[in-house]
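Peer 1: Sequence below, structure please.
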Amino acid sequence: MGFSQQANQLMKAAIMILFTTRAFGLFAAISTVMIWAAFMLITRSAVQSNFTVEEILVLRLIPGVIVMIPVMWKLGVMPIGQSWPRAIILMIGASAVFPYIVSSGLAYAPASDGGALAPGMLPFWTALAAYALAGEVPGPRRRFGLSMILVGAVIVSLWPILSGVRDDAWKGHLMFLIGSGLWAVYSVIFRQSGLTPLHGLVIGLFWGGLIVTPLLLVSGNVSFTEANWGDIAVMIVIQSFVIGIMAMVLFSYAVRLLGAAESAAFGALTPILVLLGGVLFLGESVTYLKIFGIILVAVGVFLASGITRKYSPQPKS
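Peer 2: Just a heads-up that it's a prediction; the model follows:
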């Protein structure tokens, strides 16, 4: 009787550990997509009010470099074993190029458009980059999901024209697509590099801070004349610590605890969250056509993640 009770207690403890582990993985995945959505919304609001794109990127890079100096010292900041083109992409791609292009797009187009065309299009561009750089061919379910993403993105891009709106939104759409495509190339090269997410983060921060920050400072667009110290402090916390560092750490935990497919599937929430946030917090107007396009992108992201294949029933022998 004592042995049976002990076994039951051990089983309950094991179940509790598994539940806690999965619960933390789910928390990390949901927190990550919320941070991604917040990046689109907060950056759109900032570039429309009291910050330039260059100022936001400076506040993202310099504090992150300072905080991560001990980790840089421990892990190193050189992408050893990489060709120069690949090394340059690893050094400045994720930390500077992608945030700068997407943030520039948010100066022209609504955040809800950016949610569909930047993180939403990422699986599509990643599949193309994986095919071009590694010869990977997605399966039928993923190809169907990628097709939905492409159709949804086309609808989101065309909705201002079809609704008779004439502005510079197309410039933002183009920047979203370019930024997403460059991030996809970076992600494939990063996966092939063998670097850990933390090591990739500090490499990007160091070289982004060293190479890109001086270029931003001499651009003439970094003066902070429109922002007070409180605004600057809040932007440092959000852009550098939460978006730049915490999102990477949380996503790494999510992948470790849930697996890559399930973690990537949560990315389907990003276009939806940005759409809702754009309407509720930024007062963005949407049409039914635009909503339909964003939903297509979100469903496509879910299917392209490969999670349906992961949980598909096994054929009986």
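Peer 1: all helices in the stretch 151-300 of the chain, in order from the N-terminus.
Peer 2: 169-193, 197-207, 213-217, 229-235, 247-258, 260-265, 269-281, 288-304 (DSSP state H, counting those that start in this stretch).
Peer 1: Which strands or helices does the fifth one pack on?
Peer 2: Using 3 or more CB pairs under 8 Å, 6 or more residues apart in numbering; DSSP states H and E as the contact criterion, the neighbours of helix 247-258 among helices and strands are helix 2-47, helix 197-207, helix 260-265. Placement of C-beta: from N, CA and C, glycine included.
Peer 1: quick one: contacts of it?
Peer 2: Helix 247-258 has contacts (CB atoms under 8 Å, 6 or more residues apart in numbering) with 21-22, 24-26, 28-29, 31-32, 35-36, 39, 197-198, 201, 263, 266.
Peer 1: Could you point out which residue ranges in the protein have low pLDDT?
Peer 2: Confidence mapping of the chain against pLDDT under 70 gives the ranges 1-20, 159-166, 260-261, 307-317.
Peer 1: Now the phi/psi pair for Gly283, please.
Peer 2: phi 70, psi 30 (degrees, to the nearest 10).
Peer 1: From His173, how far off is it?
Peer 2: Distance of Gly283 to His173, computed by CB to CB, to the nearest Å: 20 Å.
Peer 1: So which of those two has more stuff around it?
Peer 2: Neighbours were counted for Gly283 and for His173 using other CB atoms under 10 Å; His173 has more, 23 against 8.
Peer 1: Kindly provide the distance from the residue nearest to that one when sequence neighbours are not counted to Val222.
Peer 2: Nearest residue to His173, sequence neighbours excluded (CB to CB, 6 or more residues apart in numbering): Ser157, at 4.9 Å. Ser157 sits 31 Å away from Val222, taking CB to CB as the criterion.
Peer 1: go on, Leu289?
Peer 2: 39 Å.
Peer 1: that older thread, which one's more surrounded, Ser157 and Val222?
Peer 2: Using other CB under 10 Å, the more surrounded residue of Ser157 and Val222 is Ser157, with 21 against 18.
Peer 1: Kindly tell me how buried Val279 is, as a neighbour count.
Peer 2: 16.
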